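fold the following.
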Amino acid sequence: MIIDTLSSGVRRIPDFEVAQNVYLVQQGFGSDELVYRILEQIKEQQMAPYYDYITNELKIPGLKFDKDLYDKLAQQNTQKVADLKKQLEKLAEDDEGELEILKVWTDLLEYYAAIGDKANALTTYQKTFELAPSTGSKIDLVLTIARIGFFFDDKLFTKKYLDEANILIEKGGDWERRNRYKTYMGIYLMSTRKFDEASKLLIDSLATFTSTEISTYEQVAQYSLICGAISLERPDLRKKLIESPEILTIDSSSPELASIYNLIKSLYYCEYQDFFPNLIKTHDEILVKNKYLRPHTNFYMREIRCKAYSQLLESYKSLSLKSMAESFGVSEDFLDQDLCKFIPNKKINCIIDKVNGIVETNRPDNKNSQYHALIKNGDSLLTKLQKYGTAVRLSGAEKV
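Coordinates of the predicted model:
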């Protein structure tokens, strides 16, 4: 069984490439060749529990349960676990130190994680966590369990252990572990549609990225672009993404980045003719093929279109529907119907004059809203001061 160990000392377990391949086949993007690749990865990594899970629970298309293969893998798992437990018994008999015992318990935990045995990994984690002598080693263990949550796309499970990791980090996590946690949390927030918060963490993590046990650098750059595209204001798109030194170190024409990078450039440089072609590529090449992003695809597509329409309309008091449609390279009917999705809920401040074929902007009066907010907050402050004054007078009366 082969498990990569990274320069940071963190093992690349579970193998997220396996989970991604399974997701692609599950969503209908796979091929016979990809199914074969999944089977080879499972054999190589002795993943009997995970093999049972994807064939009997997920029922992956093109992959039928082979009992002989399962029995062979399960036997390999049983033998490896037995060997590790014998080591623990011997260490206990020889009265070896806690660090030696902890190392074997950690190996057992990581083995369960690597083969996709979530239940046994959790049980082993609880024992290993008790033995961990330092905050740093405890953080490593919690992040290992959190990765299992990411692997199975179990968001409640993942959030629970990320919260535990955060508590430990606040108590005394070092710089390297804080940065690793930042990447984990950024990916989790993205997967739960909190793109604003996710973009801050992911963009920050690029400069100090070491979390290759959960994602590649290119993937984190892609996630930063995805989240930043709808959460950052136009000036920040250039500063934090288009001209980011970290982004520029990667080939922006690579398949992982090209579509979303070009989409952001079309927004920033107001090259609206390129907006929809790049948006469609982003949808087809990134959004629907990523297990963290796919559930939010429709939301994302709406938000990014709304952002583009609003940006164009900011420059005009009124604009012909025909001119706006030509700017985006779409038909007037499409644009008319699409704008009508955003106008009723005031996501775009405009009205459409169908008779004259004009889009009229209807910007809110910011000064008026600020005035009313000041009056409201002033009344609230006066009320609090009156209550405070009354309390002080009563307190003084009691002393008298």
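
tell me where this protein is predicted with low confidence.
1-9, 95-96, 363-373, 376, 391-400 (pLDDT under 70).

which residue ranges form the strands in it?
318-320, 350-353, 358-361 (DSSP state E).

quick one, what contacts D274?
Going by Cβ atoms under 8 Å, 6 or more residues apart in numbering, D274 touches 262, 265-266. No exception for glycine: its C-beta is placed from N, CA and C like everyone else's.

nearest to T158 among these?
N262 (31.5 Å; Cβ to Cβ).

in contact with the closest residue to that closest one other than its chain neighbours, which residues?
Sequence neighbours aside, N278 is the residue nearest to N262 in space, at 4.6 Å (criterion: Cβ to Cβ, 6 or more residues apart in numbering). When contacts are counted by Cβ under 8 Å, 6+ apart, N278 is found next to 259-260, 262-263, 266.

and those as JSON lines, adding neighbour count?
What follows is these, written out as JSON lines (neighbours: other Cβ atoms under 10 Å):
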{"residue": "S259", "neighbour count": "22"}
{"residue": "I260", "neighbour count": "27"}
{"residue": "N262", "neighbour count": "20"}
{"residue": "L263", "neighbour count": "26"}
{"residue": "S266", "neighbour count": "19"}
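
of those, which belong to helices?
Among these, the residues falling in helices (DSSP state H) are 259-260, 262-263, 266.

and which of these is nearest S253?
When the ones in helices among the contacts of N278 are compared against S253 (criterion: Cβ to Cβ), the nearest one is N262, at 8.9 Å.

so how far is A19 from the closest one?
28 Å (Cβ to Cβ, to the nearest Å).

ok, E360 next?
Distance, E360 to A19, using Cβ to Cβ: 49 Å.

looking at the two now, which is surrounded by more residues?
Each of E360 and A19 has its neighbours counted (other Cβ atoms under 10 Å); A19 has more, 19 against 15.

which residues touch that one?
So A19 contacts 151-153, 291 (Cβ under 8 Å, 6+ apart).

could you flag which of those residues are buried?
Taking 16 or more other Cβ atoms under 10 Å as the criterion, what is buried in those is 151-152, 291.

turn these into TSV, including distance to D83.
Shown next, in TSV, are the buried ones among the contacts of A19 (distance: Cβ to Cβ, whole Å):
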residue	distance to D83
F151	24
F152	26
K291	34
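
which ones among these lie within helices?
Filtering the buried ones among the contacts of A19 for helices - DSSP H - leaves F151.

now the residue nearest the centre of the chain: how far from D66?
Centroid-nearest residue in the chain, with Cα atoms, centre = their mean: I187, separated by 2.4 Å. Going from I187 to D66 by Cβ to Cβ gives 33 Å.

cool, I286 as well?
34 Å.

repeat that for L232.
For L232, the distance to D66 - Cβ to Cβ - is 49 Å.

cool, A92 as well?
38 Å.

higher neighbour count, these two?
D66 (13 against 10).

just the helices from the stretch 151-300 of the chain, written as ranges.
Using DSSP state H, counting those that start in this stretch, the helices of the stretch 151-300 of the chain run over 155-172, 175-191, 195-206, 217-231, 234-236, 245-248, 258-268, 275-285, 297-313.

ok, residues contacting the third one?
If you take Cβ under 8 Å, 6+ apart as the criterion, helix 195-206 is touched by 179, 182-183, 185-187, 189-190, 211, 217, 220-221, 223-224, 226-228, 230-232, 240-241, 244, 246-247, 300.

what do you get for the shortest one?
When contacts are taken as Cβ under 8 Å, 6+ apart, the neighbours of helix 234-236 outside the stretch itself are 228, 267-268, 311.

starting at the chain centroid, how far to it?
22 Å (Cα atoms, centre = their mean, to the nearest Å).

just the last one next, same as before
Going by Cα atoms, centre = their mean, the spacing between the C-alpha centre of helix 297-313 and its chain's C-alpha centre is 20 Å.

returning to what we had before: let's have the strands of the chain in a markdown table, adding distance to A74.
Converted to a markdown table, the strands of the chain look like this (distance: least, Cβ to Cβ, whole Å):
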| stretch | distance to A74 |
| --- | --- |
| strand 318-320 | 66 |
| strand 350-353 | 63 |
| strand 358-361 | 64 |
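
those strands: which one's closest to T78?
T78 lies closest to strand 350-353 among those, at 66.3 Å (Cβ to Cβ).
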